[in-house]
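**Student:** Give me a model of this one.
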Amino acid sequence: MRSREYDLDFRDRAGRIRAWGIGLLAVATLQWTWCALLLLTPYKVDEEADDRYPAECESRLLTERGTANDGLQRGDWCQNERDWPEVLAVLGLSVPVSVVGVALFTSGSVSIRMSAHAEAMRELDKYADARNA
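**Tutor:** Numbers count the residues shown, from 1 in each chain. Below is the predicted model of the structure:
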């Protein structure tokens, strides 16, 4: 295989690696968005099955009352609907996805840039050799 063909193949593989990194970062962004929605949006809870008038609940993070953090002892149905472990699980799963995504994106980008730099150096050497001859 000639060096130009090898270089193009190398850039193609680096582009695929970078694309995987972008994809994983998109998945991590979706996970962060889901976590934000769970924490910041108000929600409704059915007190009974097929409840016509569900209980209104404040967001988990921006509540001024104890609706999100007090238990069912006070007749609060909002307690168990959006649990903190679910939010923390989504947040925890986003961390390794983000780290791998950043690593793949960086690796692919650096490989493409280094390949372009090596090609530019070969061209400069070719011009310098032609001038000296």
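**Student:** Regarding the residue nearest the centre of the chain, what are the backbone dihedral angles?
**Tutor:** Taking Cα atoms, centre = their mean, the centroid of the chain lies closest to residue 28, which sits 1.8 Å from it. Backbone torsions for residue 28, taken as degrees, to the nearest 10, come to phi -60, psi -40.
**Student:** contacting residues around it?
**Tutor:** Taking Cβ atoms under 8 Å, 6 or more residues apart in numbering, we find residue 28 in contact with 94, 97, 98, 101. All C-beta spots, glycine's among them, are computed from the backbone N, C-alpha and C.
**Student:** Disregarding residues adjacent in the polypeptide, which is nearest to residue 56?
**Tutor:** Leaving aside its sequence neighbours, residue 56 sits nearest to residue 44 (Cβ to Cβ, 6 or more residues apart in numbering; 6.0 Å).
**Student:** Now do the contacts for the one you found.
**Tutor:** 54, 55, 56, 57.
**Student:** Give me the pLDDT for the first one.
**Tutor:** So that's residue 54. On pLDDT, residue 54 comes in at 72.
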